[in-house]
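Undergrad: sequence? don't have it. structure:
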């Protein structure tokens, strides 16, 4: 069942979204050569706690860290640890924070140092595909209108959309209905109505779309070993333009 949020719930989600976006911003600034992924995870954990919130991911289905940090061919759910970031690494940061019972969920991909032109294009196309999809995050459209716009943009730029993992509703739970795929034909799925809150999150491979899960049971990587990118925000469907709830000081990274 899709949960339509009340004005009070939307206000609480804005608070959670601002904390989550600030945590993502903090993590992004720490994506530098010589930093370990564990150091980033600890800093974000401490920041979220300092805001009176809870790291949503920590302990979720047994996940052992506060954020997901996925490097190069790692698409999503990378577990922070002793890995030292190096120039040229493509680093995806996925963050969730729960404040007063409501969840903010967002992600972005950063490059350590300069990066190659193709890696920069991967990151930018992934980010822009979110905004292409968001054009259809309006009352009266259907979920798959968002999905179709993302797929068209990504594939037109020569990259691949991952099928096995999708965006989702978000609210008092991190994963609510409906699912929001990043591919598909338009005009299908639930109709969007004001008060819906969804996390739209393109997951894009530089090579083929195929993926696999590593033996840790969490980390998802591209099957061909090529680089990947991930971008996500929590969106509110309104009577007009959609509202991004995971914004940092009015700026969407």
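TA: Sure, I can see it. Model, not experiment: these values are computed from the prediction.
Undergrad: make it CA atoms for all contacts and neighbour counts henceforth
TA: Fine.
Undergrad: any chance you could map the helices in the stretch 101-250 of the chain?
TA: 117-134, 143-156 (DSSP state H, counting those that start in this stretch).
Undergrad: Out of the ones you listed, which gets nearest to residue 167?
TA: Nearest of the helices of the stretch 101-250 of the chain to residue 167, taken as Cα to Cα: helix 143-156 at 9.4 Å.
Undergrad: so what does the closest one touch, helix or strand wise?
TA: Using 3 or more Cα pairs under 8 Å, 6 or more residues apart in numbering; DSSP states H and E as the contact test, the elements touching helix 143-156 are helix 117-134, strand 160-161, strand 176-180.
Undergrad: returning to that earlier point: deepest in the core, which of the helices of the stretch 101-250 of the chain is it.
TA: Of all the helices of the stretch 101-250 of the chain, helix 143-156 carries the top mean neighbour count, a mean of 23, counting by mean count of other Cα atoms under 10 Å.
Undergrad: ok so, going back, take the helices and strands packed on helix 143-156 and lay them out in CSV including mean pLDDT.
TA: Listed next are those as CSV, based on pLDDT from 0 to 100:
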stretch, mean pLDDT
helix 117-134, 98
strand 160-161, 98
strand 176-180, 98
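Undergrad: Could I get these in CSV, plus columns for distance to residue 31?
TA: As requested, those are exported to CSV (distance: least, Cα to Cα, whole Å):
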stretch, distance to residue 31
helix 117-134, 14
strand 160-161, 25
strand 176-180, 28
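Undergrad: Residue 73 is nearest to which of these?
TA: Among these, helix 117-134 comes nearest to residue 73, with 11.6 Å by Cα to Cα.
Undergrad: by how many degrees do the closest one and helix 143-156 diverge?
TA: Here the directions of helix 117-134 and helix 143-156 differ by 160 degrees (axes from the mean of the first three to the mean of the last three Cα atoms, to 10 degrees).
Undergrad: And the helices of the stretch 101-250 of the chain: which comes nearest residue 51?
TA: Nearest of the helices of the stretch 101-250 of the chain to residue 51, taken as Cα to Cα: helix 117-134 at 27.0 Å.
Undergrad: Tell me the helices and strands packed up against the closest one.
TA: Helix 117-134 sits against strand 102-111, helix 143-156, strand 203-205, strand 228-230, with contacts defined as 3+ Cα pairs under 8 Å, 6+ apart.
Undergrad: and that helix, how far out from the chain's middle?
TA: 13 Å (Cα atoms, centre = their mean, to the nearest Å).
Undergrad: How many residues are close by the closest residue to residue 5 other than its chain neighbours?
TA: In space, and not counting its chain neighbours, residue 5 is closest to residue 195: 4.9 Å by Cα to Cα, 6 or more residues apart in numbering. Residues lying near residue 195 (other Cα atoms under 10 Å) number 19.
Undergrad: got the helices and strands packed on helix 117-134 as CSV, with distance to residue 10 and mean pLDDT columns?
TA: Formatted as CSV, the helices and strands packed on helix 117-134 follow (distance: least, Cα to Cα, whole Å; pLDDT from 0 to 100):
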stretch, distance to residue 10, mean pLDDT
strand 102-111, 9, 98
helix 143-156, 20, 98
strand 203-205, 26, 98
strand 228-230, 25, 98
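Undergrad: Having no further points to raise, I will conclude here.
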